[in-house]
Every structure is written in C-alpha cells, then in structure tokens.
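Colleague: next comes the sequence, and after it the predicted model I'd like to discuss.
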Amino acid sequence: MNIIDRYIIKKYLSTFVFTVGIFIVVIVVFDVSEKLDDFLKNKAPMSKVFLEYYALGSIPFFLNMLTPLINFIAVIFFTSKMADQTEVVPILSGGMSFNRFLRPYMIAAGIIFLFTFASNIWIIPYTNKIKVSFENVYVKPQKVSTTTPSTHMQIDSNTYVYIGNFDTKRNIGFDFSLEKFDGDQLIEKLISQRITWDSVATKWKIEDYTVRKIDGLKETMDKGVSRDTTLDMLPRDFEVYDNVFTAMDTRELNDRISKEETRGTGMMTDLLLEKYKRYISPFSAFILTLMGVSLSSKKVRGGIGLSLGIGIALSFTYLVLVQFSTMFSLKGGLPPLIAILIPNVLFLTLGFWLKHKAPK
C-alpha cells in the first residue's frame, strides 16, 4: 500500500468510528426518553438499565442494525470532503484508475465486513439474549405470553404431538395427545390431561393418560396415572414472543431449523430470515462503500451537504427496502433467501451504475 492507500483507510475507519460514537449518543438519548416510563413503572434498577440493557444489549443491537447507514454516511462524508478540497482530482489525473482508487476503500470495507460478520455469528445473539431478557421483564413484560395455545408438532417421521395449551412459565402442557403412525396407518394414540417437563431428569412426565393401541382390527386400551417419557421437544420450543430467534446462537438456530423441517410449526420463514440475514447483511459494507465512493468522489456545486443528503436518503431507502422485503417474506410468501438478497442486489446494481458515471 502506498501513502494514498494508508491515508484513505485511516480517514475511512476514523470517520466510521467517529460516526459510530455520535450514533451511540443519539440512540441512548432517544431510547431513554422513549422507555423511561417503562423503566420507572416496572422498577428497573438503573445499574441494570445502563450497564446491562444499554452497554451489553441495546447498543450492540442498534449498531448492528444501523451499520449500513453509518458506513454509508462515513464514506460519503470524508470522500465528499476530499473532493471538495480538490484531493480526488489530482489522484485520478495522476494516472490512478478509479478501480485502483477504490482499493483502499474496499480494504477498509473488508475490515468492517469481518467485524460485522463475526458479530452477527458469535456476539450479537448473546447481546440480543441480554436485551430480550431485560425487555421481557422491565420494558414490556406483557409481550411475553405465558401460554401457547393449540400447538401441533411433528417430532419425527411417524410421531405427531398436539398440546391444547402450554404454560411456558411452569412448563406444563394441557390436553396433550401423541399419535404414532406406521405409514398412513394409526397404530397408537395417547391422550393425557397434563404433561410436565422435569428439568432434573430432562424428561416429560405424562399424567392421567389413556393409551389406545391398534393392531389391524384389534384394539387395546390402557390407562395410567403417571409415566415418564423422552420426546424430541423442549419447553423453549413453545416460546412465542417475537424476538426469540434473534437471541439464539448460530448453532441453536441451525438446530431449530433442522427440527422445524420435520415439525412444520409455521416458524420456518422467521428462522430462515434470521439465518440468512446474519450471513448476507455484512456484505452491505462493500455494496454501500462502492455506492458512496462513486456518488461523492466528484466535486459538486452543492458541496458536502448535497452529497451527504443524497447519501442519507439512499441509506434510509436501503433500510426501508430491507424491512419491506422481510415483511413480504413473512406475510406474502416471498422465499426468505430472495427477500434478503433483493435489497443487496438492487443496491449493488445501482452501485455499479454510479461507478460507471463516476469521474475517471
């Protein structure tokens, strides 16, 4: 790397860190003002509010969500300043191609990409777990339903489960039934008034049950008071609050996806959206860097303000498009992978078009 490369990388990363600091202050101020009543009403300890909720939970969450916006603004801000101070023109007129001019930007974007990718896979799920746990106690505890009604679940290729109502606080299910099939032929059906999770024995305890076994034209009935059994399901499978998947680590998320393929409880779209988002969204660092440099490397009459305004508008458009495609996937049947790719592909195309129009 030459002096210009080091200069651009230093300006890129320092501006990015400075912008992150500004956003942290703004996020905390606005979030405190919005949630202060909830904190007071639910008697949240101030030490937990700032050290646990904000430092370890909300700040990493919001920064992860707003990194594309912060990245884009940082690139446009310092590149527009370079162009306004006539620093870009001598670089390009001195024989450096625009592709070569982009190299230090992409190196810096690669650093942000690696940090964001590592955060998505290993850090953010744990900080989200802290955030979710705090919110479900001190912010909006009513969002966590203690009961899950009418759950149908396939736990293996031949076994189906139905629970009329599950209490997630006490880990007790009511109106439980378990059906076993041989092909399409029902061979056993168990009906129970109550099923309870034994966390010590890590087994389910079935109470007041009746078992009906079918062998061709022959049927037998058996009743019992209590029995222990092992089933491929856990109490956390019945958690129903909206943000539960964001608090799962990658291994747990993949395990839930593999089980959902068999069970078919209707959560597959949410699970796949969360998984693809973790792997694909970090690439926005390269896409928005390409757009930002192409957009702001030309000196314009409006100065830095015009380029910065356009950049902010485009970055918010990117975030809105991400939300729209996510909702189309959740409500409209759009495949999750396509939903995550659409904003990135569209803005990558726009980035190449802006690069074509950029000064050479």
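Modeller: That came in fine, so what should we check first?
Colleague: can you pull the buried residues of the helix or strand that contains residue 318?
Modeller: Per DSSP states H and E, residue 318 falls inside helix 303-332. When burial is assessed from 16 or more other C-beta atoms under 10 Å, helix 303-332 yields the following buried residues: 304, 307, 308, 310, 311, 314, 315, 318, 322, 325, 326, 329. No exception for glycine: its C-beta is placed from N, CA and C like everyone else's.
Colleague: what residues does the helix or strand that it is followed by touch?
Modeller: Using DSSP H and E, the helix or strand that follows helix 303-332 in sequence is helix 336-357. Defining contact as C-beta atoms under 8 Å, 6 or more residues apart in numbering, one finds that helix 336-357 is touched by 98, 102, 269, 272-273, 276-277, 280-281, 283-284, 287-288, 290-291, 293-295, 314, 318, 321-322, 325-326, 328-329.
Colleague: if I look at residue 308, how far off is residue 150?
Modeller: 52 Å (C-beta to C-beta, to the nearest Å).
Colleague: and what of residue 255?
Modeller: In terms of C-beta to C-beta, residue 255 sits 24 Å off from residue 150.
Colleague: how about residue 196?
Modeller: 19 Å.
Colleague: look at the two and report which has more neighbours.
Modeller: residue 196 (18 against 10; other C-beta atoms under 10 Å).
Colleague: just how off-centre is the helix or strand where the more buried one lies within its chain?
Modeller: Assigned by DSSP H and E, residue 196 belongs to strand 185-198. Computed by C-alpha atoms, centre = their mean, to the nearest Å, the chain-centroid distance of strand 185-198 equals 35 Å.
Colleague: mind listing what's buried along the helix ranked longest in the chain?
Modeller: In the chain, with assignment by DSSP state H, the single longest helix is helix 3-41. Within helix 3-41, the residues scored as buried using 16+ other C-beta under 10 Å are 4-5, 8-9, 11-12, 15-16, 19-20, 23, 27-28, 35, 39.
Colleague: figure out how far it is from the centre of its chain.
Modeller: 20 Å.
Colleague: ok, and what's touching whichever helix or strand comes after that helix?
Modeller: From helix 3-41 onward toward the C-terminus, using DSSP H and E, the following helix or strand is helix 46-47. By C-beta under 8 Å, 6+ apart, no surrounding residue is in contact with helix 46-47.
Colleague: again with stretch 314-333
Modeller: Contacts for stretch 314-333 (C-beta under 8 Å, 6+ apart): 66, 68-69, 72-73, 269-270, 273, 284, 288, 291, 295, 334-336, 338-340, 342-343, 346-347.
Colleague: show the average pLDDT along that stretch.
Modeller: Averaged over stretch 314-333, pLDDT sits at 91.
Colleague: now do stretch 103-120
Modeller: 96.
Colleague: show me the beta-bridge partners of residue 147.
Modeller: residue 167 (DSSP bridges).
Colleague: shouldn't it be in contact with residue 167?
Modeller: Yes: between residue 147 and residue 167 there is a contact under C-beta atoms under 8 Å: 5.6 Å.
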